[in-house]
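Asker: Could you work out the structure for the sequence below:
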Amino acid sequence: MTPLAKAFNFARRATRKFVSDPREALLLCRMAWWVSVLSVAARCCSLPRALALIAGKQRKAADIIEPEQLARSIDLLLSANFLMFKPICWKRAAVLHRYLSHHGITTRIIFGVRNEAAGKVAGHAWLEADGEPMLESTPPEYVVTYRFPSTERLDPQLATLRYE
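Answerer: You can find the predicted model right below:
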């Protein structure tokens, strides 16, 4: 699909969403803002600093939205696969962390790696609440390399995996 076709498709889907469900459309616009800020911040500063910028302070929002609805909304936005709106797990986790925090749900962003076939290493980022994965279709089976927020120092040996 050409960039022009992607732009047209993105605009068409956005217009349809504003007509059919204005409340979710506004949520998607707010999420799009934070995905944009995160994308720029991740290029300009360290990942922990970019995540801290996005996370904000925990507070209780006036409107109550179910965590599953927030996950569906960010997944819909990132499925556009246009510009910075691509289905990337760490962007999903960071924006969900922000919105869940604003709805009184404490989470941590977990980054992990694992060995794949042919010596490749795969990475993933997900959310945990009370030590359990949250809003994941299958339990992540990765070696944890970083947690956010965290006061722990990163152990470089955790990030090193040998293919056996």
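
Asker: Can you name every helix or strand that the longest helix anywhere in the chain contacts?
Answerer: Taking DSSP state H as the criterion, the chain has its longest helix at helix 22-44. Helices and strands touching helix 22-44, as assessed by 3 or more Cβ pairs under 8 Å, 6 or more residues apart in numbering; DSSP states H and E, comprise helix 3-20, helix 47-55, helix 67-78, helix 89-102. The way it works is simple: take the backbone N, C-alpha and C, and place the C-beta from them, glycine included.

Asker: As JSON lines, those helices with distance to Ser137 would be great.
Answerer: Listed next are the helices and strands packed on helix 22-44 as JSON lines, based on distance: least, Cβ to Cβ, whole Å:
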{"stretch": "helix 3-20", "distance to Ser137": "23"}
{"stretch": "helix 47-55", "distance to Ser137": "23"}
{"stretch": "helix 67-78", "distance to Ser137": "10"}
{"stretch": "helix 89-102", "distance to Ser137": "12"}
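
Asker: where's Gly112 relative to Glu66, distance?
Answerer: 26 Å (Cβ to Cβ, to the nearest Å).

Asker: more neighbours, these two?
Answerer: Neighbour totals were compared for Gly112 and Glu66, and Gly112 leads with 19 against 9 (other Cβ atoms under 10 Å).

Asker: from the chain's centre, how far out does the longest helix of the chain sit?
Answerer: Relative to its chain's centre, helix 22-44 lies at 11 Å (Cα atoms, centre = their mean, to the nearest Å).

Asker: Name the residues of it that come out as buried.
Answerer: Neighbour counts using 16 or more other Cβ atoms under 10 Å place 24-25, 27-28, 31-32, 34-35, 37-39, 41-42 of helix 22-44 among the buried residues.

Asker: what is the mean pLDDT for it?
Answerer: Taken as a whole, helix 22-44 carries a mean pLDDT of 92.

Asker: what's the answer for stretch 105-118, then?
Answerer: Mean predicted confidence for stretch 105-118 is 92.

Asker: Which positions within it qualify as buried?
Answerer: Ile105, Thr107, Arg108, Ile109, Ile110, Phe111, Gly112, Val113.

Asker: Same check on stretch 7-21?
Answerer: In stretch 7-21, counting by 16+ other Cβ under 10 Å, buried: Arg13, Ala14, Lys17.
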